[in-house]
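Asker: Fold the stuff below for me.
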Amino acid sequence: MRVLPLFVIVALGVSLAGCSGGPGTSGDGNAGGNGGTSDGGGTDGGGTDDGGTGLPDPCALATTAEVETAQGGTVADGVELDPGPSHYSFGLGRQCVWIPDNTLSSPIFLTLYSYSADGWDEYKVNQQSYSSYHDVTGIGDEALAAGATQIGIHQGDLVLDIQMAYDTAQDPAGEPRLHAFAEMALGRL
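Answerer: Residues are numbered from 1 along each chain as shown. Below is the predicted model of the structure:
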């Protein structure tokens, strides 16, 4: 039933993994291993592998209902795939993806990476190359957006990158919903 569309999206994401760079690709469309929230060891209290990254489970940062509210449409439950994305600035990360029921909307990606000052600077320079770039205040230690569909947030020793498309391409409420969603996800770290 929905296996073929999910396979096509995953295959496309894997093929684009080497094209990392802009707002549509910094999450790479490639995902990490399914696991529980980790405290930095190899597994969490439930024995779930964190893929060796020491990063929390990104799928635990949002419920399907919260993603639907932020995106403005119906989505399938979040899935974390293995292996995790390798970002040009941060290295190996963990990513959760929610697939919209509306095949015209893009998947929603919530990705976690380990923070480094040099990596953040490189990420910021890359994002500044987009005309829709702007700093975002009041979220995390520092945050930036490349339009209404992506936000990158540095908080403590983590970087959270969220990419979300909307049912209506010019949705005026999209960016405020994205920011509220990001703040909610950060609250669970």
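Asker: Gly140 against Ile151, yeah?
Answerer: No. Judged on C-beta atoms under 8 Å, Gly140 makes no contact with Ile151 at a distance of 9.4 Å. C-beta: built from backbone N, CA, C; applies to glycine.
Asker: Mutual contacts of the two, please.
Answerer: Ala182 (C-beta atoms under 8 Å, 6 or more residues apart in numbering).
Asker: So between the two, which is more surrounded?
Answerer: Using other C-beta atoms under 10 Å, the more surrounded residue of Gly140 and Ile151 is Ile151, with 25 against 19.
Asker: That one belongs to a helix?
Answerer: No. The assignment for Ile151 by DSSP: H, G, I helix; E, B strand; the rest coil gives strand, which leaves it out of any helix.
Asker: tell me which residues form a beta bridge with it?
Answerer: Judged by DSSP bridges, the bridge partners of Ile151 are Ala145, Ile162.
Asker: mind showing which ranges of the protein have poor pLDDT?
Answerer: Along the chain, the model assigns pLDDT under 70 to residues 1-53, 104, 166-172.
Asker: Repeat the analysis, applying 50 as the threshold.
Answerer: Within the chain, the ranges that satisfy pLDDT under 50 run 1-48.
Asker: where do the strands sit along it?
Answerer: 86-87, 91-92, 94-98, 108-114, 133-136, 142-146, 150-155, 158-163 (DSSP state E).
Asker: possible to save these as TSV with distance to Glu183?
Answerer: Below are the strands of the chain laid out as TSV (distance: least, C-beta to C-beta, whole Å):
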stretch	distance to Glu183
strand 86-87	22
strand 91-92	25
strand 94-98	17
strand 108-114	13
strand 133-136	10
strand 142-146	10
strand 150-155	9
strand 158-163	10
